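Asks: Next come a sequence and a model predicted from it.
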Amino acid sequence: MIRYISSRLIQSVITLFAVLTIVFMLMRLMPVEGYLGESYDKLDEIQREKIIENLGLKDPIHVQLKKFYKRVASGDLGVSIAYRPGVPVAEILKSKIPYSLGFGIASLSISIISGITLGIFMADSEGKILKRVGNIYIILINSIPAAIYYILIQFYITDIFKLPMLFYIDRPISWILPVLSLSLGTTATYALWMKRYMVDELNKDYVKLAMAKGLKRREVMKKHVFLNAFVPMIQYLPSSILFTISGSIYIESLYSIPGMGGLLVEAVQRQDNPLVEAIVLIYSSIGIIGMLAGDVLMAILDPRIKLGKREGRI
Amino acid sequence: MKKLLIFFIGVAVVLAGWNASRHNWYDREENELRMVYSGEVTTLNYLTAATANEISLAVNFVDSLVEYDRFGGIKPCLATEWNTSEDGTIWTFKIRKGVKWVTHEGKVYGKLVAQDFVDGLKYVLTSENNSRTANIVYSVIKNAKEYYNKEITDFNEIGIKALDEYTLQYTLNKPVPYFLSILNYLCFFPVKGQFLEEVGDRFGTDNRYILYNGPYVMINYEPHHRRVLEKNEYYWDKDNVYIQRITMTYNKEANVLAPEMFLRGEIDHVGIGTDIIHEWMNNPVKRNLIRPNRTNFFSYFFLFNFNPQFSEEYEPVNWLVAVNNRNFRKSIFHAMDRKSAMLTEEPYEPEKRLLNTITPRNFISAGKIDYTQLEPLSKFTNRDSFDEKLALTYKNKAIEELKGKVSFPVKILMPYNAASRQWANRVQVIEQQLEGVLGKDYIDIIIEPNPPTGFLERVRDSGKYALMELNWGADFADPETYTHPFRRDSTSSWIHMARGYEGENGYTIYENLVQRAADEVMDINKRYQLFAEAEAFLIEEAFVIPYSVGGGGYAASRINPFEISYSPFGAVSGRFKGLKLLKTPMSMDEYNLLYKQWERERSERLKGAEK
Amino acid sequence: MMNSGYSYWNSTIRAFMKNKVSLFFMALMAVFIVFIIIQPYLPNQKSPNVIYVDDTTGLQLINMPPGREFWFGTNSIGQDMWARIWSGTRTSLFIGIIVALWENAIGLIIGVIWGYVRRLENIITSIYNVINNLPRVIILILLAYTMKPGVLTMIFTMCITGWLDTARIVRNIVVIIRDREYNIASRILGTPAYRIIYRNILPYLVSVLVLKATLSIPAAIGYEVFLTYIGLGLPLSIPSLGNLINEGRGYITVPSLRYQLMIPAMVLSIITVSFYAIGNAFADASDPRNHF
């Protein structure tokens, strides 16, 4: 296992390297006009040449790559050239990540708690009304595009309850709606999967045995079924965490939350190479480590899975 | 379990009810203007910026030598008086005494002196600083271009000098009659050299890294979230600053959410977009809350391409023959119903946006005659080009002349930027309208959606269009600025390749007309007259189809647009100096009244200026 | 060996037929698809792009509410919403189905190879990681820059990275099952790989794949809405549910114009719910544990 993890780690570094290099080169396929900005029309040839030169984009590509890796190796994430020219990328990210992280963690916690609770109730065949309500909720959330119900919530709920329409850091009451909206979709997902795993477990023989032995239903549910069903849910955690950092582009646009959502899109559209590269570096690292963690988790939970070279191979 | 659930629901309901019973959750301070904006600035560095968003914010923080009053007249600002040399190349300004530079916290940093203007210009002309407006400077200032290109390294040889603490002198490379208006461009703004050295590369990256000498100080700056402007207590003209504080909240969906926020009393000014204007107009309560916006000086026009470089499937060779036929161009010129195209953006009063010349109305006047009313432009200005019968007459003439040389229908490639919803709608209307009038056997318009990335470079500058809508904004207060998009050295037009228009010295007739006008630097009225002739030629030969001005639309607002300083160019409409907060939103009737009043006062001033 | 009389596929179909709800949705979707295919050929149908103009005033018939002339009303420049909605649904479903087919076919093949063939596991994992971590936005914007906006471009952009998810899910299941005792036993006995895959592994995959495939279609439309939101969608001259919904979003505050949002949103919801129900039911039916 240890050997497997360490070889995977080495792979991860190579992968990261490949991703960064590819992104680096892809960004340099973008049109020159984008680097010159909105005032492209008013610049004359001399200015255009000078600006492109000053951005370091005239150097041959291997020179640019070398400079880039030298910079990254020393921990310097670079300085933004288009999104907020002159501002160090680290500063931009440092001011934005806390917002997305905060909202992400808050809504994830709510989703997990309510989703799992809802899933448990839906699996329990005694609560018929709750089951129906739960089903309708899951169907609605999945069939109406998030872009639409986010804005409907913002409009009508703020009107009915006289809440502020936008997010203000100094007014906690404006934090509620974005968090709740954000958690609606994930709650449905967790509820759906929890119910499925619970139902699977409930049909297993050991449950029937326990009930036949005379244990109360509630006991059985709490002690055995729930725990067994909960375990496979863990595999969804790593990707959920990545979601929390990247932020929801819709929610953050609607409520004016200065988070990470939409930052990558905007950075690419504005062709702010250092910013794009830094974001890709961070997201990729989390993504790759996350996948490794997911695989290891899977192997730990299910001893029948053997990763790496197998003993006794024919 | 169930009981717990019911308990929580009960608590939530009680809390909600309590919150709902309170009226305005957000209390407004007296004399505070609250707005929502959706275009974030990327920098506060006014010496390098050139986009409308950045300009309209920066002009609140830093003043320049001159400013515009609300009728478009130039007034002393940081300069108290000025004079020109005989030949018009040396301008000397007396700088106002007692003007202070303050930090973002409102503390005094130093005083404004003539050297600050020199420091500013040096920064702009240092090419490493990537100033987008450097070319404006070196088009007029002596030796500026050479310094930018590093052919000269001693800044003292540049045509700007601080003769003493309060005297500033510019030396131009040729007489420039509109020099005063250019001084309002950000690149001529002052900056404290000492401060530049202190903050280095961080200059302009946020509100802490600039100094203020203008009407407002930005006390709070959270990009993509909120900014707060506070009246500058050390401002030299602070009696003319009425609004104490301006709070702007950023929201990407401003055009959808902001009108609702206005209705709920959360903001004081909002643009009412085309999507919802009908609903507001038809609602008796909402109708009283809105008023029109003024138009601006962006000029929109359609350009014929004489250098088609697009792919074979759109038949560039065929197009080249057709477009060089004057009657063909004129048939399209008169067939375009511009009003119906404008309806997609301005459903009420589309006429106010229509423009029949390249240079907009009220931009400049020769004496008391508006430039667009000068002969020979007046005949275009005073009559709508749309004339079906005339179009068909030209069509028949064109068909006769082109028979056998061109295959009908002539394919017309009309690209547009697919990211703009308005544009996407507009081209569809224009396509069907033109084909409807002229017939699909004569022309076949192909509208081509293009991604926004590198749009201008890829489509316009590479000649990959047959007929396309373009636009241009003025850089200074002179008709010469509206000839720039048609110059052969700009990549934005190919009309110099039209056949049959060769003039003297290897230049085209139009270019010679423009040059003749530009050379006239002494007699201003004559200068404008000559430019009018050049522009009239452009329109008469149907190289362009003038379309509209920008701006317009409606707003629900507590701001009086007639108190804003009225500048023929630049986004000075973002300047809050002189604005007062109205008690109730301005209605349409009030607006019309004030507009008439404004026009009257303005024409009186023009008459007065003539004397 | 005695034939046990159990056929996997027969049992699956039988179990599926028992679910009345999903049968209803299948029928609904069938009718729906037939309708949108024949809709343009029905009498009195208007073209989705033609701008309708009032004969007397010459003004475009903008934003007309649903009525006798225009059954779903008109949009902001006077185009018929009824024609646009059905044309848009055709386009979106077409894109969704092609993308779903491609994603699941390629995802299945690669996922099986990835999970079963140990020698290739490392390489494919690395390739997957690299492609997965490349921001889709960059690829999308570059593709849009080189290829003109259009249906083909949209399909291409969605297919280029869409297969990754399916491949990973397939691979995870294959990894779990390949090492179960009975498979080890089969291998020792010398059963060729394809037989093992076909007999023991595929049945588990079917339920997941069908669920994923049916959910891919509404997911593709949802992704199209997102792409339109960031400006990379289909141009307005090619209506699709994505850009129709995006158009309508601006009218959420205008009661009289809300139909321009509600109608495409409802169509999308019906499609989504139907495919969910069908997919869920098929997934349940094809799970071998439900066959008794």
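Replies: Received, thanks.

Asks: what's around the residue of the stretch 151-292 of chain C found nearest chain B, how many residues?
Replies: As assessed by CB to the nearest CB, chain B sits closest to C:Pro235 within the stretch 151-292 of chain C, at 3.4 Å. For glycine as for every other residue, the C-beta is placed from the backbone atoms N, C-alpha and C. Residue crowding around C:Pro235 was assessed by other CB atoms under 10 Å in any protein chain shown; the count is 23.

Asks: Give me the below-cutoff pLDDT ranges for the stretch 1-150 of chain C.
Replies: C:1-7 (pLDDT under 70).

Asks: go on, chain B?
Replies: Across chain B, the ranges flagged by pLDDT under 70 are B:1-10, B:12-30, B:570-573, B:609-611.

Asks: now do the stretch 151-300 of chain A
Replies: A:217-224, A:228-235, A:238-239, A:247, A:298.

Asks: Quick check: residues of it near chain C?
Replies: Within the stretch 151-300 of chain A, the positions lying close to chain C (CB under 8 Å from any CB of the partner chain) are A:151-152, A:155, A:203, A:249-250, A:262, A:264-265, A:268-269, A:276, A:279-280, A:283-284, A:287-288, A:291, A:298.

Asks: returning to what we had before: distance of the residue of the stretch 151-292 of chain C closest to chain B relative to C:Ala144?
Replies: 11 Å (CB to CB, to the nearest Å).

Asks: Just give the number of residues close to B:Phe306.
Replies: Look at B:Phe306: counted by other CB under 10 Å, it has 20 neighbours.

Asks: Now it: closest residue in space, sequence neighbours ignored.
Replies: B:Met497 (4.3 Å; CB to CB, 6 or more residues apart in numbering or on different chains).

Asks: Can you name the residue of the stretch 351-500 of chain B nearest chain A?
Replies: Checked against chain A (CB to the nearest CB), the nearest residue in the stretch 351-500 of chain B is B:Gly454, 2.8 Å away.

Asks: which bits of chain C sit near chain B?
Replies: So chain C meets chain B at C:49-51, C:58-60, C:62-63, C:76-77, C:79, C:141, C:144-145, C:148-150, C:231-232, C:235-237, C:247, C:249-257 (CB under 8 Å from any CB).

Asks: and the residues of the stretch 151-300 of chain A next to chain C, which are buried?
Replies: With burial judged by 16 or more other CB atoms under 10 Å in any protein chain shown, the buried subset of those is A:151, A:155, A:249-250, A:262, A:264-265, A:268-269, A:276, A:279-280, A:283-284, A:287-288, A:291, A:298.

Asks: now, which of those residues lie close to chain B?
Replies: A:Ile151, A:Phe155, A:Gly262, A:Gln269.

Asks: where along the stretch 101-250 of chain C do the helices fall?
Replies: Using DSSP state H, counting those that start in this stretch, the helices of the stretch 101-250 of chain C run over residues C:118-133, C:136-146, C:151-178, C:181-189, C:193-196, C:202-229, C:241-249.

Asks: Can you list the helices and strands that the fifth one packs against?
Replies: Spelled out, it's helix C:193-196. For helix C:193-196, the packing partners by 3 or more CB pairs under 8 Å, 6 or more residues apart in numbering or on different chains; DSSP states H and E come out as helix C:181-189.

Asks: cool, and the fourth one?
Replies: Packed against helix C:181-189 by the contact rule (3+ CB pairs under 8 Å, 6+ apart) you find helix C:193-196.

Asks: So which residues make contact with the helix it packs on?
Replies: The contact list for helix C:193-196 (CB atoms under 8 Å, 6 or more residues apart in numbering or on different chains) reads C:Tyr116, C:Asn183, C:Ser186, C:Arg187.
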